[in-house]
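Q: Provided below for reference: sequence and predicted model.
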Amino acid sequence: MATAQLAEVIDPTLVLLTVEEAARRLQIGRTLCYRFITSGELESITVGHLRRVPADAVPEFVTRRRKRQHPATTLTAVTAA
């Protein structure tokens, strides 16, 4: 399988992701992903000596960022519903 195809494959059964897998899902680089982890914006845990990102932390991260960047849009959409 080509590298481009591997990047598109997402296993929905994974509970923990490597930092690289989390970065791929966010379509950002590994270094930026580590920066979000270090700042506490993206949740991560250690398993032994390994750093892992809970799979559900990725959509939660995106939701928080969206709310922070577009607070008026979020409130308007909720109010209109």
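A: Done, it's in.
Q: can you tell me what sits against the helix or strand that contains Phe61?
A: Using DSSP states H and E, the element containing Phe61 is helix 57-69. Helix 57-69 is contacted from outside by 17, 22, 25-26, 36, 41-44, 74, using CB atoms under 8 Å, 6 or more residues apart in numbering. The way it works is simple: take the backbone N, C-alpha and C, and place the C-beta from them, glycine included.
Q: before we move on, what about stretch 35-55?
A: Contacts of stretch 35-55 (CB under 8 Å, 6+ apart): 14-19, 21-22, 33, 57-58, 60-61, 64-65.
Q: which one is Leu16 nearest to, not counting chain neighbours?
A: The spatially closest residue to Leu16, leaving aside those adjacent along the chain, is Arg52, at 4.0 Å (CB to CB, 6 or more residues apart in numbering).
Q: surely Trp11 is in a helix?
A: Small correction: residue 11 is Asp, not Trp. No: counting by DSSP: H, G, I helix; E, B strand; the rest coil, Asp11 is not found in a helix; it is coil.
Q: report the distance from stretch 41-55 to the chain centre.
A: 12 Å (CA atoms, centre = their mean, to the nearest Å).
Q: next: stretch 32-49.
A: Centroid separation for stretch 32-49 versus its chain: 10 Å, with CA atoms, centre = their mean.
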